[in-house]
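Trainee: Here you go, sequence then predicted model.
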Amino acid sequence: MSLDRTKPLLLPLALVLAFELWARLTHLQSDSLAPPSAILAALATALADLSIPIATRDTLFAAFAGLAIGSAIGLALGIAFGISRPLDRLMEVTVEAIRPIPSIALLPIALIALGFGYRMEIVIVAFACVWPMLIMTRSAVRSIEPRLMEVSRALRLSAPQRIAKIVIPAALPRIFVAFRLSAGIALIVAVTVEIAINPIGLGAGIMLAQQALRADLMLAYLVWIGAIGYALNMLLIAAQRRLFGRAALAGDNP
């Protein structure tokens, strides 16, 4: 591993070591904090007894299902609004009225309609993922070179052909950036729903650890969630660079 790649790790490692030293010197006794060594031990135990892997499966299932549904809806609406300005103006008030609603604010309605479990969580995650996909897709479609659209009209392409052969390929790098943002949102919302009300997944594990006054286990769940989020983002960045090359870098600046 090169020095340039290790530099970003130096500050986090220094902070962890400093906190471990402080915790040992002060004989830390707390219901909300634990030494990093205790957190790692709790994480290893929870991985070994499969409590964290099972919770991870539940959270990722809901997050990815909601991400897929929300991204599909946002993509379709974003393309439609980007192509048709009259449709965009017609729906502007409706979209801007609904978009600011926090996804978590829908929990009471979703709970009454769907009950506890995956369905409620998936619906909340999907609602949260629609908006970044819609907005960035609409912007990407509108920024397509006008000459490409003129070519499609000269070739007398139908609307579906124009979308499949011109619009989506031209806008895809920025659409992928929107998908990356939505993926992070999906994980955050899924865990938040579980903490707030849904008794499954990593969020529920955090609450159980908190109720048992297990600060080490509670923080171990947080560390694990952070690791999942980081790994997911790195995976999507690698895929973005592999698929689009230099276009990926341009797409990061919508």
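Mentor: Structure's in. What do you need?

Trainee: What ranges does the stretch 101-250 of the chain have for its helices?
Mentor: For the stretch 101-250 of the chain, the helices defined by DSSP state H, counting those that start in this stretch cover 107-114, 118-142, 146-154, 159-162, 168-196, 201-211, 215-244, 246-251.

Trainee: What average pLDDT does the first one get?
Mentor: Confidence over helix 107-114 (mean pLDDT, whole number) is 90.

Trainee: other SSEs contacting it?
Mentor: helix 118-142 (3 or more CB pairs under 8 Å, 6 or more residues apart in numbering; DSSP states H and E). Where you see a C-beta, it was placed from the backbone N, CA and C, and this is true even at glycine.

Trainee: buried set for the helix it packs on?
Mentor: In terms of neighbour count (16 or more other CB atoms under 10 Å), helix 118-142 has its buried residues at 118, 120-141.

Trainee: quick revisit: quick one, which of the helices of the stretch 101-250 of the chain gets closest to residue 6.
Mentor: helix 215-244 (15.5 Å; CB to CB).

Trainee: middle-most residue in the chain, spatially?
Mentor: Nearest to the geometric centre of the chain sits residue 184, at 1.8 Å (CA atoms, centre = their mean).

Trainee: any idea how far it is from residue 235?
Mentor: 12 Å (CB to CB, to the nearest Å).

Trainee: Ok, residue 188 next?
Mentor: From residue 188 to residue 235 the distance is 17 Å (CB to CB).

Trainee: which of those two has more neighbours?
Mentor: Comparing residue 188 with residue 235 by other CB atoms under 10 Å, the one with more neighbours is residue 188, at 16 against 12.

Trainee: Model confidence at that one, what's the number?
Mentor: Here the pLDDT value assigned to residue 188 is 95.

Trainee: mind checking how far the helix ranked longest in the chain is from the chain centre?
Mentor: Identified as the longest helix of the chain according to DSSP state H is helix 51-83. The gap between where helix 51-83 is centred and where its chain is centred comes out at 8 Å by CA atoms, centre = their mean, to the nearest Å.

Trainee: Could you check the angle the helix or strand following it makes with helix 118-142?
Mentor: As assigned by DSSP states H and E, the chain's next helix or strand after helix 51-83 is helix 85-98. Helix 85-98 runs at 140 degrees relative to helix 118-142, counting by axes from the mean of the first three to the mean of the last three CA atoms, to 10 degrees.

Trainee: What residues does the residue nearest to the centre of the chain make contact with?
Mentor: Residue 184 makes contact with 229, 232, 233, according to CB atoms under 8 Å, 6 or more residues apart in numbering.

Trainee: so which of those is the most crowded?
Mentor: Among the contacts of residue 184, residue 232 has the most neighbours (other CB under 10 Å), with 18 neighbours.

Trainee: if I read this right, it contacts residue 183, doesn't it?
Mentor: Yes - with contact taken as CB atoms under 8 Å, residue 232 and residue 183 are classed as touching, separated by 6.0 Å.

Trainee: Looking at the contacts of residue 184, which is nearest residue 244?
Mentor: residue 233 (16.2 Å).

Trainee: I figured that closest one hits residue 180, correct?
Mentor: Yes - when contacts are counted by CB under 8 Å, residue 233 is listed as touching residue 180 (7.0 Å).

Trainee: pLDDT and distance to residue 40 added to the contacts of residue 184, as JSON lines?
Mentor: As requested, the contacts of residue 184 are exported to JSON lines (pLDDT from 0 to 100; distance: CB to CB, whole Å):
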{"residue": "229", "pLDDT": "94", "distance to residue 40": "18"}
{"residue": "232", "pLDDT": "94", "distance to residue 40": "21"}
{"residue": "233", "pLDDT": "92", "distance to residue 40": "22"}
